[in-house]
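[1] model this:
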Amino acid sequence: MLHATDGNPKSDEVPPEPSMASFFKVGTALRGRLSTYSIVKELHRAADEGAVFLATNQNNEKCIVKSIRGHWRLQNEADILKQYQAQSPFLRPLLDEIVEPSDPPSIVLKHLDSDLLTESNRKRLSRPEIKQVAKCVLQALQVLHKDGLVHTDVKLDNIFVNHGQDQRFSTIQLGDCGGVVSEDSDFAKEGHLIGAAFTRSPEATFQLPWGTATDIWSFGNAILSLIYGGDYHLFNPGIEGLKPGDDEYELTVLKRMYKFFGPFPQSYEDFHDRGTITIINYINNIGPPEKPFHRVTTKEVSPADNKFIRRIMKLDPRDRPTAEQLLADEWFTEESEDTRVPLPEKLQAQSEAR
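    Just a heads-up that it's a prediction; the model follows:
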């Protein structure tokens, strides 16, 4: 039923032995095709033999160096960006590829000031700011989706921003394109596990075949988190005291989907997956959804935002609108008041302290 899979399309290959200590040190000089770079500091170390660094180029301009050993994602990100970044200013662009040293394989990406998870935790976004984010992300997805490509990991910490003077954000770009794959690929058709547990779509959680509609769910999920602010994520099992790795963790994600946007429709039988139907029947038999999203109070979510979210968060992927259809939604032009109550002072102070 909810079983884990290797996220690599080449899952029959044996991964190399970890050698985490051999990544770049501060001050390491790198030579790219277009410039030279110096490592300033390590920003992130991942479990897949990957690391992200802050660096400067020969003009002392900040940039990001991403390095991954023995994984298809790095070259895939470079290839996707070479093909699509000129078509949209809302994809974080590739700047260069490192040629020396050749190990670990590394690429250079544009540096931005922050990401939306950090920004939302620091201060909840206003409705106009949320709409600005939504429009930029949808325009990025539209470019990929028109060719049947799926981002697979749309979430707040993969949306990068620069701070503005006249407005909070001057630049908004969707990043981390390493997992972009065709919806016609075996990876998608076989329902390989993608994204994070409480940001992925229901069909991806069930490991059913998925396509561009999975990005639309994750996009809606991200907008939901911006609406709530304060590091509150609607489908996070942590709200109920669970931790990643707990036996009930992924089932609780599905239960929370049901609680707000259920019940799961019988149309899931079309996927002909017995395990999925067993889980859906179990969840649907719990009883009526406890808190349908249309009944969420206006103190939590403004009416226009509620309507927009409900258009997106359809449990059957075939019922979700496309990025193009959402960009034409009246939500982007309406200017109703923000009915959300301010975050509690303690919670806001905790967020601002992050």
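
[2] and the longest strand for the protein?
    Longest strand in the chain, counting residues (DSSP state E): strand 36-45.

[3] Provide the contact partners of it at residue level.
    Around strand 36-45, the neighbours that count as contacts under Cβ atoms under 8 Å, 6 or more residues apart in numbering are 20, 23-31, 51-58, 62-65, 96, 98, 108. C-betas here are computed from N, CA, C, even on glycine.

[4] Tell me where the stretch 1-150 of the chain is predicted with low confidence.
    By pLDDT under 70, the low-scoring segments of the stretch 1-150 of the chain are 1-22, 48.

[5] Tell me which stretches of it form strands.
    29-32, 36-45, 50-57, 62-68, 94-100, 106-110, 114-115, 149-150 (DSSP state E, counting those that start in this stretch).

[6] Look at residue 184 and give its secondary structure.
    On the three-state scheme (DSSP: H, G, I helix; E, B strand; the rest coil), residue 184 is labelled coil.

[7] Quick check, it in contact with residue 148.
    Yes: assessed by Cβ atoms under 8 Å, residue 184 is found in contact with residue 148 at 6.1 Å.

[8] who's more crowded, these two?
    More neighbours surround residue 148 than the other of residue 184 and residue 148, with 14 against 11 (other Cβ atoms under 10 Å).

[9] need the contact list for the nearest residue in space to the more buried one that is not next to it in sequence.
    Distances taken as Cβ to Cβ, 6 or more residues apart in numbering place residue 183 nearest to residue 148, at 4.9 Å, with adjacent residues excluded. Residues in contact with residue 183 (Cβ under 8 Å, 6+ apart) are 148, 149, 150, 210, 211, 212.

[10] mind running it again at 6 Å?
    Listed by Cβ atoms under 6 Å, 6 or more residues apart in numbering, the contact partners of residue 183 are 148, 150, 211, 212.

[11] Was I right to think the last one contacts residue 144?
    To tie it back to what came earlier, the one meant is residue 212. No: using Cβ atoms under 6 Å, residue 212 is not in contact with residue 144; the gap is 7.8 Å.

[12] thinking again about what came up before, among the contacts of strand 36-45, the buried ones, what's the PyMOL command?
    Command for PyMOL that selects the buried part of the contacts of strand 36-45, burial taken from 16 or more other Cβ atoms under 10 Å:
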select buried, resi 23+24+30+51+52+53+55+56+57+63+64+65+96+98+108
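
[13] hang on, the earlier thing: please spell out the PyMOL selection for the buried subset of the contacts of residue 183.
    In PyMOL, a selection of the buried entries from these looks like this (16+ other Cβ under 10 Å):
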select buried, resi 150+211+212
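
[14] nearest to residue 47, of the contacts of residue 183?
    Within the contacts of residue 183, distances to residue 47 taken as Cβ to Cβ reach their minimum at residue 150, with 22.3 Å.

[15] Surely that closest one is in contact with residue 212?
    Yes: in this structure, residue 150 is within contact of residue 212 by Cβ under 6 Å, at 5.5 Å.

[16] For the nearest residue in space to residue 229 that is not next to it in sequence, give me phi and psi.
    Counting by Cβ to Cβ, 6+ apart, residue 229 lies nearest to residue 124, which is 2.9 Å off, once chain neighbours are set aside. Main-chain torsions, residue 124, degrees, to the nearest 10: phi -60, psi 140.

[17] I'd like the distance between residue 124 and residue 254.
    27 Å (Cβ to Cβ, to the nearest Å).

[18] again, but for residue 61
    According to Cβ to Cβ, residue 61 stands 45 Å off from residue 254.

[19] The two - which one has more neighbours?
    residue 254 (22 against 13).

[20] still on that earlier bit, any chance of the strands of the stretch 1-150 of the chain in JSON lines, with distance to residue 295 too?
    JSON lines is the format used below for the strands of the stretch 1-150 of the chain (distance: least, Cβ to Cβ, whole Å):
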{"stretch": "strand 29-32", "distance to residue 295": "54"}
{"stretch": "strand 36-45", "distance to residue 295": "39"}
{"stretch": "strand 50-57", "distance to residue 295": "41"}
{"stretch": "strand 62-68", "distance to residue 295": "43"}
{"stretch": "strand 94-100", "distance to residue 295": "45"}
{"stretch": "strand 106-110", "distance to residue 295": "42"}
{"stretch": "strand 114-115", "distance to residue 295": "32"}
{"stretch": "strand 149-150", "distance to residue 295": "32"}
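
[21] Select, out of these, the one closest to residue 341.
    Short answer: strand 114-115, nearest of these by Cβ to Cβ, at 25.7 Å.

[22] List the contacts of the closest one.
    By Cβ under 6 Å, 6+ apart, strand 114-115 touches 157, 160, 161.

[23] Let me know whether my guess that the last one is in a helix holds.
    In other words, residue 161. No: counting by three-state DSSP, residue 161 falls outside a helix, being strand.

[24] Could you shift the numbering so residue one becomes 21, and keep it that way?
    Sure, I'll start counting at 21 from here, so that last one is residue 181.
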